[in-house]
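Student: just need the structure, nothing else, for what follows:
(one chain, ligands or ions: 1)
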Amino acid sequence: MDPLTIEGAYQFTPSVHWDDRGSFNEWFREDLLERTGSSFRLAQANCSTSAKGVLRGVHFTDVPPGQAKYVTCVRGAILDVVVDLRAGSPSFGRHEAVTLDSDNRSCVYIAEGLGHGFMALTDETMILYLCSEPYTPHREHGVHPLDVDLGIQWPVNVPPVLSAKDAAAPSLAEVQKAGLLPDYQVCLDYHAQR
Ligand SMILES: Cc1cn([C@H]2C[C@H](O)[C@@H](COP(=O)(O)OP(=O)(O)O[C@H]3O[C@@H](C)C(=O)[C@@H](O)[C@H]3O)O2)c(=O)[nH]c1=O
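Tutor: Residues are numbered from 1 along each chain as shown. Predicted coordinates:
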């Protein structure tokens, strides 16, 4: 588990074992995650497929309870982005982007309160992700992924394709003004007692 520059986010890049049958890789290890001080209670596992250019997010969930996520890409490739949306965080508003693909089988852990979005870099991309809490639509919010204040460098040669919901999402400033952002200290306290 390698820490990303956003506190509470980690990348896990497994060994991929190839032989004449195909490949084998671990994609989730509770013991490795626990070494970071995090524990993960599996509540839901999701799968989504996307055409090239599909941009999902940036989504975040009210804390408590929030929804920690553990993401991997099993077909194609994504640019996966973690955004610090925790009000009061030293890295508030910053993000880190990581490429996850079916070759590197890399995974990203995203703690409660962080924002998450990704763009599919290939057609027929498939991601799998584990969630620490079940889907609760009224607790999930979005920040517009193209908001200049987020400054995310999405690939310039791929026209972004957004859902109607994501295209109508407010800016970071609007979400902040509406008081919707998770509080940094509340996120840390909640995370520590889990
Ligand atoms: C996320 C989710 C959606 N749905 C339904 C609602 C809707 O009809 C359809 C598609 O939902 P969405 O448009 O919200 O899907 P999507 O834009 O892929 O939402 C996801 O985006 C990424 C970035 C995340 O981090 C995820 O946590 C999740 O928010 O699937 C579920 O039934 N369960 C779920 O857990």
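
Student: OK, contacts around I110?
Tutor: By Cβ atoms under 8 Å, 6 or more residues apart in numbering, I110 lies in contact with G8, A9, A68, K69, Y70, V71, V82, H116. From N, CA and C alone the C-beta is placed, and that goes for glycine too.

Student: tell me how many other residues crowd the closest residue to the first one other than its chain neighbours.
Tutor: Spatial nearest neighbour of G8, excluding adjacent residues (Cβ to Cβ, 6 or more residues apart in numbering): A111 at 3.3 Å. A count of neighbours around A111, defined by other Cβ atoms under 10 Å, yields 27.

Student: what residues are up against A111?
Tutor: Shown in contact with A111 (Cβ under 8 Å, 6+ apart): G8, A9, S38, G66, A68, C187, H191.

Student: per-residue pLDDT, the fifth one?
Tutor: According to the prediction, A68 has pLDDT 97.

Student: quick check: it touching H116?
Tutor: No - A68 is beyond contact range of H116, at 10.0 Å (criterion: Cβ atoms under 8 Å).

Student: name the residue in these two with the higher neighbour count.
Tutor: More neighbours surround A68 than the other of A68 and H116, with 26 against 23 (other Cβ under 10 Å).

Student: give me the nearest residue to that one, chain neighbours excluded.
Tutor: S132 (4.0 Å).

Student: that neighbour and P65, how far apart?
Tutor: 8 Å (Cβ to Cβ, to the nearest Å).

Student: quick check: residues of the protein near the ligand?
Tutor: Taking Cβ under 6 Å from any ligand atom as the contact definition, the chain meets the ligand at 46, 48, 56-57, 59, 69, 116-118, 135, 140, 163, 165.
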